[in-house]
Each structure stands twice: as C-alpha cells, then as structure tokens.
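Novice: give me a model of this one.
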Amino acid sequence: TLAPDGAGGVVVPGWTASEDFPTTEGIFDGSFNGGGNNYDSDAFVTRIDIGNPPQYPTWLISIKAGNGTFTSGECYAGGAEEASYDFDPSYDFVAPPLSPGGYIEAYFPHPEWERPLGNNYRSDVYPMDCDLDGYAIWTFEVNTNQHNSWINLDLLPDSMVRAGSNIYLHDRSNDSLQNL
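Specialist: Have a look, this model is predicted:
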C-alpha cells in the first residue's frame, strides 16, 4: 500500500530478500533480519520524495518479461523533449526490490547514476534528439531465479513512436540481432 506523507513524498512498505538492500544514513535498522519465515526476507518502509510530479514521455516502448508463471513489471524506454541522458526524476523511476519468492525482473541498469535506492530502473527516457547516426540505444536486462525456463519478451511501442522507426533487439549474450 502506498501512502502520501503530506510533504511531497510517498511512504512504501514491503519485503526484501536482499541482504544488501540499499539504505540511507539515519535509518532505524539497516541490518538484514530475515530468517523468521519461509522466505528468508525482511520488511522495509521507505519514503520516496517525488518532488516534481512525474511527466509523461512523448513516446514509449513497453517492455515486459515473463514465463507463464511469473511476469516482470512493465519497463518503459521513451523520448521526451525535457528529458536528459542523466538521471531525471521526472521520467526515470527505480525498479522495486525483488520478490522474496520466484521472480522475473526487467530493468535498465544505470550504476553510473549512483542513486541511493539502487541502480536498476523501470523507465529510461531520453531527450527527443536522442538519435545518434539514426539510432537510439537503450540497454535493458532480464534477471530471474526461474532456471531452465523460457523467458518471453513483449515489446509494445505506443502509437507515438516515430513512423518508419525500426526497433531491433540485440542479444549481447549471443550477438544476435532481431528486427521487431
């Protein structure tokens, strides 16, 4: 359950199985106290300062990964006039912690942003002039604990994706390129 805190932020409770869940200075308890249940997880409560309200990008491509049992949340690659290549709090949103059970997650890794809530993002929006020699490139990763399972990717461009755009998936693990 999300709860507005009256000071421009949102309070988010949840569970994590991560022994190195990102924390900030002055927290109540920064240690992993899991082990008291079947999932070896620990509770957290975090406050997210939303500051400027989220903006809607000019265009989006939705990315979702799943195997029929588990599905990641949707990720969004997009373009907006006011966006930047660096972290942009109006457009770039951190991925939530992993589920304590089975999971599949899709995210955009950005360790170079060095943000306190983590390096993985559910949305990554570039400026509209992002074409570099006719290309815009987003790196996203899929992570899962579902071994020996096929993972399906759904990539759905919205109606605002530029007419005539080609969208390719480049799998760096086997250097394959697929025109979507």
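
Novice: can you name the residues that contact the most centrally placed residue in the chain?
Specialist: What sits nearest the mean C-alpha location of the chain, by CA atoms, centre = their mean, is residue 122, with 2.0 Å. By CB atoms under 8 Å, 6 or more residues apart in numbering, residue 122 lies in contact with 73-76, 93-96, 107-108. (Glycine included, C-beta is placed from N, CA and C.)

Novice: against residue 33, how distant is it?
Specialist: 27 Å (CB to CB, to the nearest Å).

Novice: how far off centre is the helix or strand encompassing residue 77?
Specialist: Element membership for residue 77, per DSSP states H and E: strand 75-80. In terms of CA atoms, centre = their mean, to the nearest Å, the centre of strand 75-80 is found 11 Å from the chain centre.

Novice: could you give the average pLDDT over that strand?
Specialist: Taken as a whole, strand 75-80 has an average pLDDT of 87.

Novice: once you drop chain neighbours, what's closest to residue 67?
Specialist: residue 149 (4.6 Å; CB to CB, 6 or more residues apart in numbering).

Novice: ok, how many other residues are close to residue 81?
Specialist: Residue 81: 10 surrounding residues under other CB atoms under 10 Å.

Novice: which residues does the closest residue to it other than its chain neighbours contact?
Specialist: Closest residue in space to residue 81, ignoring its immediate chain neighbours: residue 128 at 5.1 Å, by CB to CB, 6+ apart. If you count contacts by CB under 8 Å, 6+ apart, residue 128 has them with 58, 79-81, 83.
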